[in-house]
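K.L.:
structural data only, the sequence is not supplied:
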Ligand SMILES: Cc1cc2nc3c(=O)[nH]c(=O)nc-3n(C[C@H](O)[C@H](O)[C@H](O)COP(=O)(O)OP(=O)(O)OC[C@H]3O[C@@H](n4cnc5c(N)ncnc54)[C@H](O)[C@@H]3O)c2cc1C
């Protein structure tokens, strides 16, 4: 019998189980599907690594970089790809190093061909007073500080990063760095003083991290793939995870599931936890890959983001030329449309691509990957929801929750959160250890 059970075999669960095992505790990891890695999956086409989930990581990467290096992996700085927003039929090439979520590169926005009025707004942004409202939505925040024209250009890029509408995201929750810059002399001036921030990736694909963690865990832990946790209950000081064919018991449980799935496993035992977990909003996402022969050879990879008013069904298009001369186009979908049937998504992606290229395209192959409830949204009230959940956990010693909805956006933050939770768990286990005389 293991002392710790980790529920969920995505990167959060794998990392948690790894650190518990490294500390010398017996641990079992339960994954509902036959495959480990959750949303993270790398597939290969003509030697190219195609990511179905995470592609890179940036903010606060030290824990994740440390984990990769400990596993013998060497993350690389991600090569620059041009990021282009199509708005009002025009292509706006975003300045390199721009990350509106952290404020990086915002001062370079003045290099874009904005109207005189907008250029004046950018030049005088430091005198815009801070928000009166704490939980200001992200679209209102950017419009207020930089003007509506800048926001129209940034919105498609920011919304692709968030995986959902900026109007429903709370600025301090989704992008905590921005209100701080606002208080320190404005976004434009503040961004000048920020240290350049790298983006990291694994050259062979993020699937390499899943593989490396799984290989280590095979030696040090009990990996139970294809085992769905139906419920997590607590009785007489022990935790039980109920499975279709029985149950496992342990002193502590880490639930490393997205909030809606975590809510489900607590339904039989804790209506309170279920209620709170169900209040974390999520968006659906999907990607359609189309392989086609271009009319002219493509120069290099480019990422396009489409403004809503352009009338595309998707939100973004990534084009990658392959050695064979073919091009792989990836159309991204977010929200309700991402739930439609594969054939419909494939048709919409083809329609978007033809419209974008202004010529009919006849894909040689098409693949659709849907990821329902995959993107947590950091909506107003997020801090209150997290605090309520933490309060509920005070009455459940030995139960730990981790996942993107608690950590904030991005894999790096998620892995750092996972590390903190594992340390708390190890402290708990040390304190609950029977004391020898
Ligand atoms: C399409 C997409 C792209 C992203 N791109 C980036 C990016 O480029 N950079 C970045 O920083 N972040 C990105 N993210 C955000 C974030 O890093 C990922 O969402 C993250 O990998 C999620 O990991 P996780 O382990 O918390 O959850 P998941 O990957 O969802 O893993 C949860 C696992 O639990 C399993 N499970 C569910 N229910 C049960 C149950 N009852 N019993 C047992 N197992 C169960 C599931 O099968 C799954 O394997 C992206 C997210 C998505 C969806």
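P.N.:
Arrived safely, thanks for sending. Computed from a predicted model, the values in this text were never measured in an experiment.

K.L.:
residue 158 should be in a strand, yeah?
P.N.:
No - with DSSP: H, G, I helix; E, B strand; the rest coil as the criterion, residue 158 is helix rather than part of a strand.

K.L.:
so who does it touch?
P.N.:
100, 101, 138, 142, 166 (Cβ atoms under 8 Å, 6 or more residues apart in numbering). (Each C-beta comes from the backbone N, C-alpha and C, glycine too.)

K.L.:
helices or strands next to the helix or strand of the chain with the lowest mean pLDDT in the packing?
P.N.:
Lowest by mean pLDDT, DSSP states H and E among the helices and strands of the chain is strand 48-51, with a mean of 85. Under the contact definition 3 or more Cβ pairs under 8 Å, 6 or more residues apart in numbering; DSSP states H and E, strand 48-51 sits against strand 42-45, strand 327-334.

K.L.:
quick one: contacts of the last one?
P.N.:
So the one you mean is strand 327-334. 45, 48, 50, 159-160, 163-164, 283-294, 298, 313-322, 345, 348-349, 352-353, 375.

K.L.:
can you give me the domain assignment for the protein?
P.N.:
4-76+202-281+378-432, 96-192, 282-376 (automatic domain parsing).

K.L.:
got TSV for these, with distance to the ligand too?
P.N.:
Conversion of the domains of the chain to TSV gives the following (distance: least, Cβ to the nearest ligand atom, whole Å):
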stretch	distance to the ligand
domain 4-76+202-281+378-432	2
domain 96-192	7
domain 282-376	3
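
K.L.:
wait, which of those domains is closest to residue 83?
P.N.:
Smallest distance to residue 83 across these (Cβ to Cβ): 5.2 Å, for domain 282-376.

K.L.:
from the chain's centre, how far out does that closest one sit?
P.N.:
Relative to its chain's centre, domain 282-376 lies at 19 Å (Cα atoms, centre = their mean, to the nearest Å).

K.L.:
for stretch 393-401, same thing?
P.N.:
25 Å.

K.L.:
quick one: end-to-end distance for that stretch.
P.N.:
9 Å (Cα to Cα, to the nearest Å).

K.L.:
what are the buried residues along it?
P.N.:
396, 398, 399, 400, 401 (16 or more other Cβ atoms under 10 Å).

K.L.:
residue boundaries of the strands in the stretch 51-200 of the chain?
P.N.:
Assigned by DSSP state E, counting those that start in this stretch, the stretch 51-200 of the chain shows strands spanning 76-77, 83-87, 90-93, 200-201.

K.L.:
same list (those) but as CSV, adding mean neighbour count.
P.N.:
Rendered in CSV, the data for these read as follows (neighbours: other Cβ atoms under 10 Å):
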stretch, mean neighbour count
strand 76-77, 12
strand 83-87, 19
strand 90-93, 14
strand 200-201, 18
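
K.L.:
ok, which of the ones you listed comes nearest residue 357?
P.N.:
That would be strand 83-87 among the strands of the stretch 51-200 of the chain, by Cβ to Cβ, at 12.1 Å.

K.L.:
list the contacts of that closest one.
P.N.:
91-94, 98, 152-154, 156-157, 302-307, 309-310, 356.

K.L.:
now a PyMOL select for only the buried ones of those.
P.N.:
A single PyMOL command selects the buried members of the contacts of strand 83-87 (16+ other Cβ under 10 Å):
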select buried, resi 92+94+98+152+153+154+156+157+302+303+304+305+306+307+310+356
